[in-house]
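Peer 1: Structure, please.
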Amino acid sequence: MNNELIVVIVNSGFADDVMEAARSANARGGTVINGRGTARKEAEKMFNISIQPEKEVLLILVDESIKHDVLHSIYKKVGLNTPGQGIAFTLPVSDAVGIFDPSSQEKKEQ
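Peer 2: Okay, the predicted model is just below:
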């Protein structure tokens, strides 16, 4: 598996919406971390949005083949122009351990 880490930052209370969107594009799960934003008031004026300091950061490990579908689904549900005001980005993952790969289980059963 070639993995990518999708990092999503949304206003507090929108983590379930992010995971619902990610799962609709075949992501299996994620980890939620509570955080606090540090944006300046100038950013509110520049983007014409109100910035809530309380944030939720989601870490979602996906196969590279579904990365774009997951990102697009998240963008539609909780993107910057929604109440969730979410942003997302990806990072390549060179190694990972402790991950269940359903395709390897199917090979063992055959």
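
Peer 1: Can you show me the helices along the protein?
Peer 2: Per DSSP state H, the chain carries helices over the ranges 15-24, 41-47, 67-78, 102-109.

Peer 1: list the buried ones in the first one?
Peer 2: Buried residues in helix 15-24, defined by neighbour count with 16 or more other C-beta atoms under 10 Å: 15, 17-19, 21-22. (C-beta placed from N, C-alpha, C; glycine too.)

Peer 1: among the helices of the chain, which gets the worst mean confidence?
Peer 2: Looking at the helices of the chain, the lowest mean pLDDT belongs to helix 102-109 (a mean of 57).

Peer 1: Hmm, residue 73 and residue 24 touching each other?
Peer 2: Yes - under the criterion of C-beta atoms under 8 Å, residue 24 makes contact with residue 73 at 5.5 Å.

Peer 1: Run a quick neighbour tally on residue 69.
Peer 2: Look at residue 69: counted by other C-beta atoms under 10 Å, it has 15 neighbours.

Peer 1: go on, the one 10 residues further on?
Peer 2: Applying other C-beta under 10 Å, we find 17 other residues in the vicinity of residue 79.

Peer 1: and it, what does it touch?
Peer 2: Counting by C-beta atoms under 8 Å, 6 or more residues apart in numbering, residue 79 makes contact with residue 86.

Peer 1: repeat for the one 3 residues further on
Peer 2: Residues counted as contacts of residue 82 (C-beta under 8 Å, 6+ apart): none.
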